[in-house]
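> Can you look at this prediction? I've put the sequence above it.
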Amino acid sequence: MTYKNRWLTSAAAAALLCPATALAQTAQTAPAEQASETYDGDVIVVTARPGGSGQRKQDAAYAITSIDSSAIDQVAPNSTADLLSVVPGVWSESSGGQNGANIFVRGFPGGGDAEFVTFQYEGSPSFPPPTLSFLENSQLFRIDETVERLEAVRGGPAQVFSNGQVGLTANLIARKGGDTFEGLVKASVTDFGDKRFDTVISGPLGDDTGFMVGGFYHSGDGLRDAGFTAEEGGQISANITHDFGAGKITVWGRYLNDRGAWLLPIPVIQNADGSLEDFPGFDRGTGTFNGPETRLSTPNDGVTIDQSEGRGADLVNFGANLDYSLSDTVSLFSKTSYLKGSADTRGLVPAGPPTTVAEIAGRFGAGVGSVTYANGGGAFNQADAVIEVGAWRVDKDLESFVTENGLTFDFGANTLTAGVYYASFSSRDRWNLGNFLLLEAVSNPRVLNMTLDDSRPVTRNGFTRGSFFNVNADYDGEDVAAYLSNEWQVSEQLRIDAGIRWHRHKVTGSLENNDFGVDTDGDPDTLFNNGDAVLNGTFSNIEFSKSRAAWTVGANYAFTDEFGTFLRYSRGNSFPQFDQLRDGLRLVQEIDTFEGGLKVTKRDYSVYATVFYNEFSGIQNTQIVNGAPIPNVGSANALGVELEAEVRSFEGLSLGGNVTYLNAEYDNFFALGGSVDASGNQLERQPEWQARGRAAYTASFGGLEATVFGSAQWVDSRFSDNLNTQVLPSYTKVDAGIAVDVNEQLTLMATADNLLDSKGLTEGNPRVVGSQGVGPILARPILGRSFTFSAQFTF
């Protein structure tokens, strides 16, 4: 895609409204003024395809959404995961910051993170496990101007290819260099002071060779103002592509070093009627436990925790893709990726809602002696609320090698693909969870010290206790798979595809054991270290190896080139990863998926309607309660409908939207170590209904051309827990923006995120069991209203 005027083409507006249209203009397409000649029926997709071969989206026998760079600019996502909010059937909670999202798809059950979501780069899963504790795939990627598009496949045949993802496969596809040297530079600033700079350059290195290089850098304190630089880092990406005539090779690489504050639940007032309001001292849109005094702390183990390190990744990732025709009927494909780096987490995790120092003293059968500020002394008003917040530290060193190779045989009406997949991956984990600080219950709080009236110290430098759980573990995993897939063009209208996969998953690990309830100084009167968890020098080993088969069969019938229908059945598997095996969860989840849909793509409008039904057995996840991981196991089912539509028949105006309905329930499901039967409950965190409407209008004013765009998202009420006791109310979020093409090279843009300053919640308190009751509770709201202003120069 040419960089010139990418924000303001009619294709860009259409991309915002119906992301499925967004791939209509590729890197080799003519200039932007020709974009209006393309529409949904021109879209070519490559994700979850045998060997990554291209296919018209209209002809695909599964649901796929494609979002190009123009649409990404207008969506203006707060994070990589936030971009998925425009994909039907997906619920993305990105209120935790740039990293650490919870992403759910089509009623696939989970307690958090993104167990059923794989992010790929150029068709390769850079780190094959979709989720580990404190790590989901989106944390390893950033959206910047080097990204040409994202393709998102729900279900479909993806469980046969690559790493066998049964839920959502999100494939980031980078720009490639073409015949023309071109590029852009872009500068952005927010109303709360964060700054960002992007650039990308691409062009030819020869007649058949092109290059691309680009990236970004940003810094700031964040919308939830930390009082220090909490958001900082960047990414550099590059590739070289060579066309052999009979094939093509792309060599690519990227370096990511970026971090941001891990945003966690804050105090909120819950009234008896279910309504919510701000807790005094905490604005729901901007409040945070981060502050100058909480930035640095040294728990009982003596290792300083710096909250400015936040949550992020520091890694290098490179690979190569090869497609080559060996003859008229046989072609070869190969995709290889290597990743090495770290993905660490620092965060302030509240132990419970605000309380009083008198209540804390009562736990020890005493009264309050003195409460002072840890920095500078001075008496604290004992009538004011306080809160205990844990300073958590998680270090993860990651490494992975992934390769997928195969042959495709063209037999005329049949196309047969045989492939093999291999992945070797590891994680070296060092955790310290707990470490509760006594803080005043306000945003950007000060740290407190407390002594009882019998002179016993409750705190040491603000800490009321040390670690409740440590991890010192080395994990290694290996996946080996082979698959066979066939596409049969039965007639001009009917195409049938089928595939089968054999997959062996192997994990070994070594885990140091904890001693719990340790008094680390042997003095029972020093209350701050009487119940610590301490690594004891003994180790437990993990060994796991199981094999499973997965398969899929689908059919697509084209009544015309613009009207078709599809049906598909698939059986997939989800193997236990490192943390599940550490907690003794060794089941292999089995997932049966049924889906069918209608697809209409006209030049003036498009409609996509999909119905799906999923059955899950062998569900297993854990919840940290009172400092210990507690397992939940069982089954579930989900019935849903996805509807996406767009109208673009009016000059300069496009309208569109999508609606998702989901009826997902636990079945024979037992929570909290089997002590509670949660069968029949609604799946936690996933809404029954969600809807998104979008509009864009482009007009000329003198020598200027401007596009005004906006969207409104409504999310139904949800439950934060699998017992269905913590209700998260429904909410509406409105975004808007304007982009002005000043001349051939310069474009100015302003976007408003959460324009009406909605106070929606995406999480309650995931670390307690049951209802939080009335009064002060813990919950994680979405970010408050903010504005971003950008200037882009293209050449």
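Done, it's in. Residues are numbered from 1 along each chain as shown.
> All the helices of the protein, residue numbers only.
10-17, 69-75, 357-362, 578-582 (DSSP state H).
> which of these has the lowest average pLDDT?
Lowest mean pLDDT within the helices of the chain: helix 10-17, a mean of 41.
> Where does the prediction get shaky in this protein?
1-42, 626-627 (pLDDT under 70).
> now for the longest strand belonging to it, which elements pack on it?
In the chain, assigned by DSSP state E, the strand with the most residues is strand 532-560. Applying 3 or more C-beta pairs under 8 Å, 6 or more residues apart in numbering; DSSP states H and E, we find strand 532-560 packed against strand 467-489, strand 494-518, strand 563-574, helix 578-582. The C-beta positions use only the backbone N, C-alpha and C, and glycine is treated the same way.
> Grab the nearest non-local neighbour of the most centrally placed residue in the chain.
Relative to the mean C-alpha position of the chain, the nearest C-alpha, by C-alpha atoms, centre = their mean, is the one of residue 81, at 3.5 Å. Nearest residue to residue 81 in three dimensions, chain neighbours excluded: residue 101, at 3.4 Å (C-beta to C-beta, 6 or more residues apart in numbering).
> Now do the strands in the stretch 251-400 of the chain.
266-270, 276-278, 296-297, 305-306, 311-325, 330-342, 345-350, 368-373, 386-410 (DSSP state E, counting those that start in this stretch).
> possible to save the ones you listed as JSON lines with distance to residue 51 and mean neighbour count?
Converted to JSON lines, the strands of the stretch 251-400 of the chain look like this (distance: least, C-beta to C-beta, whole Å; neighbours: other C-beta atoms under 10 Å):
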{"stretch": "strand 266-270", "distance to residue 51": "48", "mean neighbour count": "23"}
{"stretch": "strand 276-278", "distance to residue 51": "51", "mean neighbour count": "15"}
{"stretch": "strand 296-297", "distance to residue 51": "51", "mean neighbour count": "16"}
{"stretch": "strand 305-306", "distance to residue 51": "46", "mean neighbour count": "16"}
{"stretch": "strand 311-325", "distance to residue 51": "7", "mean neighbour count": "20"}
{"stretch": "strand 330-342", "distance to residue 51": "4", "mean neighbour count": "19"}
{"stretch": "strand 345-350", "distance to residue 51": "37", "mean neighbour count": "23"}
{"stretch": "strand 368-373", "distance to residue 51": "64", "mean neighbour count": "17"}
{"stretch": "strand 386-410", "distance to residue 51": "5", "mean neighbour count": "21"}
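> Now render the ones you listed as CSV, adding distance to residue 440.
Shown next, in CSV, are those (distance: least, C-beta to C-beta, whole Å):
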stretch, distance to residue 440
strand 266-270, 12
strand 276-278, 16
strand 296-297, 15
strand 305-306, 19
strand 311-325, 25
strand 330-342, 33
strand 345-350, 13
strand 368-373, 9
strand 386-410, 6
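> Which of these sits closest to residue 694?
strand 276-278 (27.6 Å; C-beta to C-beta).
> Contacts for the closest one next, please.
268-271, 284, 287, 729, 759, 761, 779 (C-beta atoms under 8 Å, 6 or more residues apart in numbering).
> in its sheet, what does it sit against?
strand 266-270 (antiparallel) (DSSP bridges).
> ok, back up a step: out of the strands of the stretch 251-400 of the chain, which comes closest to residue 735?
Among the strands of the stretch 251-400 of the chain, if distance is taken as C-beta to C-beta, the winner is strand 276-278, at 21.7 Å.
> Show me which positions of stretch 576-587 end up buried.
For stretch 576-587, the buried set under the neighbour-count rule, 16 or more other C-beta atoms under 10 Å, comprises 576-583, 585.
> Including distance to residue 674, could those go into a markdown table?
Formatted as a markdown table, these follow (distance: C-beta to C-beta, whole Å):
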| residue | distance to residue 674 |
| --- | --- |
| 576 | 17 |
| 577 | 22 |
| 578 | 23 |
| 579 | 19 |
| 580 | 16 |
| 581 | 19 |
| 582 | 19 |
| 583 | 14 |
| 585 | 12 |
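> ok, so of the residues you listed, who is nearest residue 475?
So of these, ranked by how close each gets to residue 475 (C-beta to C-beta), first place is residue 578, at 4.1 Å.
> So residue 97 sits against residue 262, correct?
Yes: with contacts counted by C-beta atoms under 8 Å, residue 97 reaches residue 262, the gap being 5.7 Å.
> ok, how many other residues are close to residue 554?
22 (other C-beta atoms under 10 Å).
> Compare the helices and strands packed on strand 532-560 and give me the one nearest residue 742.
strand 563-574 (41.7 Å).
> How about residue 640: what's its closest non-neighbour residue?
Nearest one to residue 640, counting by C-beta to C-beta, 6+ apart, is residue 662 at 4.4 Å.
> thinking again about what came up before, from the contacts of strand 276-278, list just the buried residues.
In the contacts of strand 276-278, the ones that pass as buried (16+ other C-beta under 10 Å) are 268-270, 284, 287, 759, 761, 779.
> Which residues does the nearest residue to residue 249 once chain neighbours are set aside form beta bridges with?
Excluding the flanking residues, the one nearest residue 249 by C-beta to C-beta, 6+ apart is residue 322, at 4.8 Å. Beta bridges link residue 322 to residue 249, residue 334, judged by DSSP bridges.
> again, but for residue 475
residue 427, residue 509.
> likewise residue 690?
According to DSSP bridges, beta-bridge pairing links residue 690 with residue 660, residue 715.
> May I have the residues that are in contact with it?
Neighbours of residue 690 in contact, by C-beta under 8 Å, 6+ apart: 91, 659-660, 713-716.
> Could you do residue 374 as well?
293, 446-449, 459, 461-462.
> Columns neighbour count and distance to residue 741 on top of these, output as TSV?
Formatted as TSV, the contacts of residue 374 follow (neighbours: other C-beta atoms under 10 Å; distance: C-beta to C-beta, whole Å):
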residue	neighbour count	distance to residue 741
293	21	47
446	18	49
447	20	51
448	24	55
449	22	59
459	23	59
461	14	56
462	25	54
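> from the residues you listed, which ones fall inside strands?
Taking DSSP E as the definition of strands, those contribute 448-449.
> Just the closest of the contacts of residue 374 to residue 644, please.
Nearest to residue 644 among the contacts of residue 374, with distances taken as C-beta to C-beta, is residue 293, at 48.1 Å.
> hang on, isn't the closest one packed against residue 391?
No: in this structure residue 293 lies outside contact range of residue 391 using C-beta under 8 Å: 11.9 Å.
> how close does the residue of the chain most remote from its centre sit to residue 370?
Going by C-alpha atoms, centre = their mean, the residue of the chain most distant from its centre is residue 454, 49.6 Å out. Per C-beta to C-beta, to the nearest Å, residue 454 is found 12 Å from residue 370.
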